[in-house]
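Colleague: pasting a predicted model and its sequence here:
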Amino acid sequence: MELFLALGLAALLMTAIVGVRYLLVSGGFAWATQVRHPGLYATQRRQIVREIGWSLASAAIYGVPAGIVAWGWRTHGWTQVYTDLHARPLWWWPLSILIFLLAHDCWFYWTHRWMHRPRAFRLAHAVHHASRPPTAWAAMSFHPIEALTGAVVIPALVFLVPIHVSALGVVLAVMTLMGVTNHMGWEMFPRSLVHGPAGRWLITASHHERHHRDYRCNYGLYFRLWDRLCGTDAGLGRFAHDAGPHPARPARDGIADRRGLTGADRSGGGGA
């Protein structure tokens, strides 16, 4: 009984942490959006309420496995998370962050493409795509099935890849910030980065906006690597509040989309 109580408390605490983190970060960037682009979300209040509801449900799905793993680490030494910075060479600190991000990005790309198959899209991913266009509150607006595919990644990686607790904090911060900023409907990064050499490999709001508009492209999370390798990178998008015509739709579809995503598009699905 004590074991189940401890696990339940750990899961509840982590759920609260994930939920509060979401409210603070998404709320902060929603406020920044109001300052930078007044009225951008003015007509989306009902959508935002729905996004917050789905996101808080996702917080529990993310929080339960994370809380259990955190309890096991602190109590029984589970995982390969370490606290002594000198337990491994200092060069491993940044390398471990990169490995986590690359692994997460790979998992996200392929599960995201799977989510765009017609049945998976209608069952789960359509919840996220119902945010049209997405707002800063949409970063965790997922159906429970989709939330579960994202919730298992970091808890699994900490068993496989050694990482210092501070480096893990960096990974979680990057995951949170990119999840929010890629959905907020405007580009916060300077043009020199977005359109420069770094922007050819890093995903920002301009790249992810194209996915939300055209569906059949730009599936990555942090990096454009898999989109480039698999021919699903359609370049940068433009936001509705920008002047001028939108870029043309991508000429080629992804593997999943050739098997029927166009039908999902016609039926009203949205973007991840």
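Modeller: Structure received. Since the model is a prediction, treat every value here as computed from it, not as a measurement. Numbering: from 1, shown residues only.
Colleague: packing partners of the strand or helix carrying Leu24?
Modeller: Secondary-structure assignment from DSSP states H and E places Leu24 in helix 2-36. Helix 2-36 sits against helix 45-76, helix 165-181, with contacts defined as 3 or more CB pairs under 8 Å, 6 or more residues apart in numbering; DSSP states H and E. The way it works is simple: take the backbone N, C-alpha and C, and place the C-beta from them, glycine included.
Colleague: now that helix: mean pLDDT?
Modeller: Taken as a whole, helix 2-36 has a mean pLDDT of 95.
Colleague: relative orientation of it and helix 45-76 in degrees?
Modeller: Relative orientation of helix 2-36 with respect to helix 45-76: 140 degrees, computed using axes from the mean of the first three to the mean of the last three CA atoms, to 10 degrees.
Colleague: any buried residues in helix 2-36, and which?
Modeller: Using 16 or more other CB atoms under 10 Å as the burial criterion, the residues of helix 2-36 that qualify are 7, 10-11, 14-15, 17-19, 21-22, 25-26, 29-30, 33.
Colleague: now stretch 185-194
Modeller: Judged by neighbour count using 16+ other CB under 10 Å, the buried positions of stretch 185-194 are 185-187, 194.
Colleague: quick one: the closest residue to Val161 other than its chain neighbours from Arg228, how far?
Modeller: In space, not counting the residues next to it along the chain, Val161 is nearest to Ile99; the distance is 5.6 Å by CB to CB, 6 or more residues apart in numbering. Summarising the geometry, the distance separating Ile99 from Arg228, computed by CB to CB, to the nearest Å, is 20 Å.
Colleague: how about Arg224, phi and psi?
Modeller: phi -90, psi 10 (degrees, to the nearest 10).
Colleague: what count of nearby residues applies to it?
Modeller: Other residues within reach of Arg224, judged by other CB atoms under 10 Å, total 22.
Colleague: just the pLDDT at it, thanks.
Modeller: In this prediction Arg224 is given a pLDDT of 97.
Colleague: gap between it and His212?
Modeller: Noted for Arg224: a distance of 16 Å to His212, by CB to CB.
Colleague: check the offset of the helix holding Leu24 from the chain's centre.
Modeller: Taking CA atoms, centre = their mean, to the nearest Å, one finds helix 2-36 lying 15 Å from the centre of the chain it belongs to.
Colleague: got it, and stretch 128-139?
Modeller: When distances are taken as CA atoms, centre = their mean, stretch 128-139 is centred 12 Å away from the chain's centroid.
Colleague: now do the buried residues in that stretch.
Modeller: For stretch 128-139, burial by neighbour count (16+ other CB under 10 Å) applies to 128-131, 133-139.
Colleague: how near is Gly231 to His183?
Modeller: Distance check for Gly231 against His183: by CB to CB, it reads 24 Å.
Colleague: neighbour count winner among those two?
Modeller: Using other CB under 10 Å, the more surrounded residue of Gly231 and His183 is His183, with 27 against 14.
Colleague: shouldn't the more buried one be within a helix?
Modeller: No: residue state for His183 (DSSP: H, G, I helix; E, B strand; the rest coil) corresponds to coil; a helix is not indicated.
Colleague: now do the contacts for it.
Modeller: Contacts of His183 were listed using CB atoms under 8 Å, 6 or more residues apart in numbering, and they are 131, 134-136, 138-139, 205, 208, 212.
Colleague: coming back round to it: okay if I get the buried residues of stretch 128-139 as a markdown table plus pLDDT and secondary structure?
Modeller: Supplementary listing: the buried residues of stretch 128-139 in a markdown table, determined by pLDDT from 0 to 100; DSSP: H, G, I helix; E, B strand; the rest coil:
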| residue | pLDDT | secondary structure |
| --- | --- | --- |
| His128 | 96 | helix |
| His129 | 94 | helix |
| Ala130 | 93 | coil |
| Ser131 | 91 | coil |
| Pro133 | 90 | coil |
| Pro134 | 93 | coil |
| Thr135 | 96 | coil |
| Ala136 | 97 | helix |
| Trp137 | 97 | helix |
| Ala138 | 96 | helix |
| Ala139 | 94 | coil |
